[in-house]
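Engineer: Next comes the sequence, and after it the predicted model I'd like to discuss.
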Amino acid sequence: MKSHIAYRISYFFLEDDRKFAELVAALEENRKGFDSLALFTSWTHGVVSLDVMRPRVAVMKKRIAELKRHGWEVGVNLLCASGFFREFDDAIPEGFVHHTDLSGNTCFGAFCVNQEKYRQEYLIPLFRMLAEADPDYLWLDDDNSKFACCCDHCLELFNRRQHRSYTREQLNAALNAGTPEEKLQLREAHLQFAADTYRDLYSLAEKTVHKVNPKIGLGAMTCNDHIASAGLPEALAGGTDCTVLWRPGGGAWHEQVMDEFLFRKGGDLANECAWLPERVDRIQAEIESFNYQRLQKSVHSTVLETCIYVAAGCTGAAYNIFDGLEPLDVYKPIMTGLTNVRGFLDRLVEAHARRRPQGIYTGWTPRRNAARALEKGEWFGANAWTESNPNDLWAGESTASRSSQLFCTGLPPTYRLEDARATMLIGEVAWSLSDDELRRILSGGLYCDVNALEILHRRGFGKLTGFRAGAVFDHDASERLLPHPLNGDGVGCIRNGRQAFSRAYSGRQLESLDGKGEALAELIDYHNRILAPCSLGYYENELGGRVAVSGYFADRNLLFYSKVRQLKNLFRRLSHDTLPAYVDTYHRIGLWVRENEGRSVITLVNASMDPAQGAELLVKTSELRAELTGMYDDCCEVSGLALGDGYVKFTLPDLPPWQLYLFLTGDKP
């Protein structure tokens, strides 16, 4: 396998002969850096009328033919099939039902795609028009990953499927009322209705486009994990063997917080790749610098971002880095940088070959979004994408960002239970797992917080956790490590989460159910008086499972030296000594670990502005040599030392700040 790289091209380049000629020249200079081009149908985020679209498509058809003569694969990127939000009012068509949320608000720039009038009078003519422009493929953008429309027609469809008669107000109330089990069931149905809607849209696009030309490939873009993707790639294929492309996205538009690339969007993309069917092997991560201010993202961070997403599991990238309004010379350094890294991207894809990472599972399943704010608060479905900013649709965080502190310590994440060596469950994510999944987790290794512990008790698994939650300490509590082998030399060290700054995090006493639970930490006050004799406990249950329960900042304020050491010892114990690899020193490093034909394939990033000096990587392998290759093609061999416990220790050379490396054990077969 090799990477597949695309540039997404603004319409501004297409309508102006001079700009188009400059673009072609720049692309020729960087021919080795990409494989295909995707031409945007629009530069605004509301649906564009057919009268406005027709002359654009005529221009696009001409440019597609010219670009194909250069030997490039060329597709069309349909920015709005259902629409994002209100922009460019004069171009938005009239006479169709607007996308409506649970509060009855409508979005002027977006439409309900379940309306037959919209399908017949707008979508089918549009898809046909674009197919007749002779592209190699058609991309549908991430406007088609909104929450379900709740117009009168959609409400009627939903009620018919659920055998109910909700009004909008009643449905909104029901989604936020009743037992957690009742809310979960209804929310899942609501999310499934949205997924079915977009599956029908994709199927309509496939049938219409392939009626014109059955060779045109179809692609879809998603935005984080809003709507489960099950069945959507199959709808794009429509039972044919046409190419199906996928573009996982989500805003990461600047470099102000580099963690966004690695621990938020990188984790979200890795998660999505892990859940896509194997037949989807052209997965182009979105690299976006919207709204194209050159100084908001450097050449290095753009290159690094690309490498991170390919390391996460994508097999390529789609660059949306310029818009045609600024001089192209402004962006040429980025194009050069991306071209120079192309060979490394190929090596990454060849190395991981769509294999899923192995390590610590954070509990994401397609049910995850239904469990948000399940026990308190309002579910985000109530304000689903009308006039609001699409990146501020809910109060909460992605599964990846909730676990970012754990994984920046050099512990390896994974995204499906079958790849788990241990599991971390924080809060309401425990509701989104089935009984069988929870039993499997509790038979292996689990680290959880008190919220998850109480859910496990409610669902009948309390005995297997070994603990119940006791007294609450909502201020002035600190964690102190107790004498225990898992604490190593950290005994007596204190971790202060500063509850005065974050009252949402209560300290909790943990009480052993059968007297066999082991205390790893206690809570003390500012006078060093003991508040709770156990705030972090360890237990081995009757299934052979190993469980650790944290009653104090389970996923926050973890980066103290003694806590990091404890967590690495703890997760190795929870995994039954099966962690595939981890960084055993006190460095800020993120990594993904895979196995490919007997070789350990590890991608790692020094996620710090300091060089990582003397970092030690422990790998579950018998190989004593490895090859380390950097994103800028620096390469060296690293020798390992067998530790006698199944792990080999590799002391890495100094790793520069915020650079990605590929670590491969042994020799290539």
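Structural biologist: Thanks, I have it.
Engineer: tell me the mean pLDDT over stretch 288-300?
Structural biologist: Taken as a whole, stretch 288-300 has an average pLDDT of 94.
Engineer: How about residues contacting that stretch?
Structural biologist: With Cβ atoms under 8 Å, 6 or more residues apart in numbering as the test, stretch 288-300 has contacts from 249, 251-256, 302, 305, 320-323, 325-326, 330-331, 333-334, 336-337, 658. For glycine as for every other residue, the C-beta is placed from the backbone atoms N, C-alpha and C.
Engineer: if you set the cut-off to 10 Å instead, what comes out?
Structural biologist: With contact meaning Cβ atoms under 10 Å, 6 or more residues apart in numbering, stretch 288-300 is reached by 8, 10, 249-256, 287, 301-302, 304-305, 318-327, 330-331, 333-338, 340, 631-632, 657-659.
Engineer: buried set for that stretch?
Structural biologist: 288-289, 292, 294, 297, 299-300 (16 or more other Cβ atoms under 10 Å).
Engineer: Keep only those of the contacts of stretch 288-300 that are in strands.
Structural biologist: Counting by DSSP state E, the part of those found in strands is 8, 249, 287, 318-320.
Engineer: Spit out the contact partners of the residue nearest to Gly363 when sequence neighbours are not counted.
Structural biologist: With sequence-adjacent residues excluded and distances taken as Cβ to Cβ, 6 or more residues apart in numbering, Gly363 is closest to Val429, at 4.1 Å. Each residue near Val429 by Cβ under 10 Å, 6+ apart is listed here: 362-365, 367-368, 371-372, 374, 399, 402-403, 423, 448, 451-452, 455.
Engineer: If any of these are buried, give me the ChimeraX selection for them.
Structural biologist: Selection of buried members from the contacts of Val429 for ChimeraX, criterion 16+ other Cβ under 10 Å:
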select :362,363,364,365,367,368,371,372,374,399,402,403,423,448,451,452,455
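Engineer: Hmm, Gly109 and Phe84 touching each other?
Structural biologist: Yes: between Phe84 and Gly109 there is a contact under Cβ atoms under 10 Å: 6.4 Å.
Engineer: More neighbours: which of the two?
Structural biologist: Using other Cβ atoms under 10 Å as the criterion, Phe84 and Gly109 rank with Gly109 on top: 26 against 23.
Engineer: Please determine how far that one is located from Ser301.
Structural biologist: Separation of Gly109 from Ser301 (Cβ to Cβ, to the nearest Å): 31 Å.
Engineer: how about the strands in the stretch 251-400 of the chain?
Structural biologist: In the stretch 251-400 of the chain, the strands defined using DSSP state E, counting those that start in this stretch lie at 282-288, 316-320, 359-361.
Engineer: In a markdown table, list those along with distance to Glu540.
Structural biologist: Formatted as a markdown table, these follow (distance: least, Cβ to Cβ, whole Å):
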| stretch | distance to Glu540 |
| --- | --- |
| strand 282-288 | 40 |
| strand 316-320 | 45 |
| strand 359-361 | 19 |
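Engineer: Ok, which of the ones you listed comes nearest Met129?
Structural biologist: strand 316-320 (22.8 Å; Cβ to Cβ).
Engineer: what's the angle from the closest one to strand 282-288?
Structural biologist: 30 degrees (axes from the mean of the first three to the mean of the last three Cα atoms, to 10 degrees).
Engineer: Flag every buried residue along strand 316-320.
Structural biologist: 316-320.
Engineer: hmm, back to that, tell me the one among the ones in strands among the contacts of stretch 288-300 nearest to Val547.
Structural biologist: Looking across the ones in strands among the contacts of stretch 288-300 and measuring by Cβ to Cβ, the closest to Val547 is Gly249, at 36.7 Å.
Engineer: ok, now which ones touch the closest one?
Structural biologist: Neighbours of Gly249 in contact, by Cβ under 10 Å, 6+ apart: 141-142, 145, 221-224, 265, 268-269, 272, 284-288, 318, 320.
Engineer: at 8 Å what do you get?
Structural biologist: 142, 221-224, 285-286, 288.
Engineer: swap in Arg367?
Structural biologist: Per Cβ under 8 Å, 6+ apart, neighbours of Arg367: 184, 188, 432-433.
Engineer: out of those, who has the most neighbours?
Structural biologist: Leu433 (25 neighbours).
Engineer: residues contacting that residue?
Structural biologist: 363, 365, 367, 425, 441.
Engineer: Quick check, the first one in contact with Thr423.
Structural biologist: Which is Gly363. Yes: checked against Cβ atoms under 8 Å, the pair Gly363 and Thr423 is within contact range at 6.5 Å.
Engineer: tell me how far the longest strand along the chain is from the chain's mean position?
Structural biologist: When the chain is parsed with DSSP E, its longest strand is strand 530-540. How far strand 530-540 lies from its chain's middle: 33 Å, per Cα atoms, centre = their mean, to the nearest Å.
Engineer: contacts for that strand?
Structural biologist: 465-467, 470-471, 473, 477, 479, 484, 486, 507-512, 516-525, 546-552, 570, 573.
Engineer: Just want the most central residue of the chain.
Structural biologist: Asp268 (0.9 Å; Cα atoms, centre = their mean).
Engineer: Show the pLDDT at that one.
Structural biologist: Looking at Asp268, the pLDDT reads 90.
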